[in-house]
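A.B. asks: Build the 3D model from these lines:
(2 chains)
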Amino acid sequence: MIERQRFEEAEEDADLWWEEAETAEPEAEVLRQEMRQKVWEAVQQLPPLLKQVVLLREYEGLSLQEIAKITGTNVGTVKSRLYQARQQLKKLLAPYFNA
Amino acid sequence: MRCEQARELMSLMLDEILTPEQKAELERHLRECVGCKAELKLLRTVQKLMATTEPAPLPYDLVPIVMERVRAIERERTKSYFWANLFRPRWRWLAVATAPIVLALTILGARLWHKQPEPPATIYWSAHVTNAAEITVAPELAPISVALSSLPFVGEEQ
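C.D. replies: As a prediction, this is how the structure comes out:
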């Protein structure tokens, strides 16, 4: 549910090239699947604490409060780790996505 | 606003926890900064890809592996529970009650051990002895030897 809301909002952003790909042909799905694989590999390279929050937030769609409870931290820490994780993912994936 | 700040707000934006003021600030920055705009696009793309990733199929032997792990943890927990709680108030009576019993059994056992009949004293007896005075006894039995010497001599073994 959380993801769905997030995506509906994201879909409003018309200049997402990924969105354009979504409406295209089956080849686009193959491409997306390949990209998912790349992202997954990048996530595996994150340090354990950052990987943990990414898995819970992005793949499982849990709220920040839920993640704080599960990891025994507070929302501030979760936010900070998500920020660090996203910065690292950006660095890992930028060469691939900009190519 | 500097890009560094904008990045932090972008992360909050992806989690949908921006305040209206922060959102306005970020949007203002994004209109001016092409780099940050591209970065947000990338992050959103990645976020969407992650959320639409199908869960990987579970390995067929996952259940036995997990159950074995659970049992191992349970065993470990039970074991440590016993030792950790032995001297807790709830179980202290057991320790207190057992201690005197163990002590009593130890003392009793020690006494019985010492009361075991000693082997009969060795009397060095020779078949050729013809005189009671020639019976030699172990030195520690010297008082008995005096008594023996006063006995009438029986003689060689029948």
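
A.B. asks: Output the lengthiest helix in chain A as PDB, nothing but the C-alphas.
C.D. replies: When chain A is parsed with DSSP state H, its longest helix is helix A:75-98. Provided in PDB are the C-alpha atoms of helix A:75-98 (Å, rounded to 0.1, in the frame of the first residue of the first chain):
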ATOM      1  CA  VAL A  75      13.400   7.300  13.400                       C
ATOM      2  CA  GLY A  76      16.300   9.800  13.200                       C
ATOM      3  CA  THR A  77      18.800   7.000  12.900                       C
ATOM      4  CA  VAL A  78      16.700   5.300  10.200                       C
ATOM      5  CA  LYS A  79      16.400   8.500   8.200                       C
ATOM      6  CA  SER A  80      20.100   9.100   8.500                       C
ATOM      7  CA  ARG A  81      20.900   5.500   7.300                       C
ATOM      8  CA  LEU A  82      18.500   5.700   4.500                       C
ATOM      9  CA  TYR A  83      20.200   9.000   3.400                       C
ATOM     10  CA  GLN A  84      23.600   7.400   3.500                       C
ATOM     11  CA  ALA A  85      22.300   4.300   1.700                       C
ATOM     12  CA  ARG A  86      20.800   6.300  -1.100                       C
ATOM     13  CA  GLN A  87      24.000   8.300  -1.500                       C
ATOM     14  CA  GLN A  88      26.000   5.100  -1.800                       C
ATOM     15  CA  LEU A  89      23.500   3.500  -4.200                       C
ATOM     16  CA  LYS A  90      23.600   6.600  -6.300                       C
ATOM     17  CA  LYS A  91      27.400   6.300  -6.600                       C
ATOM     18  CA  LEU A  92      27.200   2.600  -7.400                       C
ATOM     19  CA  LEU A  93      24.500   2.900 -10.000                       C
ATOM     20  CA  ALA A  94      25.200   6.200 -11.600                       C
ATOM     21  CA  PRO A  95      27.700   4.800 -14.100                       C
ATOM     22  CA  TYR A  96      25.100   2.200 -15.200                       C
ATOM     23  CA  PHE A  97      22.100   4.400 -15.400                       C
ATOM     24  CA  ASN A  98      23.800   7.300 -17.100                       C
END
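
A.B. asks: quick one: it near chain B?
C.D. replies: Yes - using C-beta under 8 Å from any C-beta of the partner chain, we find that helix A:75-98 touches chain B at A:79, A:82-83, A:86-87, A:89-90, A:93-94, A:97-98. Where C-beta positions appear, they are placed from N, C-alpha and C, glycine not excepted.

A.B. asks: Pick the one among those closest to chain B.
C.D. replies: Comparing the residues of helix A:75-98 next to chain B against chain B with C-beta to the nearest C-beta places A:Y83 closest, at 4.1 Å.

A.B. asks: mind checking the SS state of the nearest residue to that closest one once chain neighbours are set aside?
C.D. replies: Using C-beta to C-beta, 6 or more residues apart in numbering or on different chains and skipping the chain neighbours, the partner closest in space to A:Y83 is B:S11 (4.1 Å). Following DSSP: H, G, I helix; E, B strand; the rest coil, B:S11 is assigned to helix.

A.B. asks: and the longest helix of chain A, which residues are buried?
C.D. replies: Neighbour counts using 16 or more other C-beta atoms under 10 Å in any protein chain shown place A:77-79, A:81-90, A:92-93, A:97 of helix A:75-98 among the buried residues.
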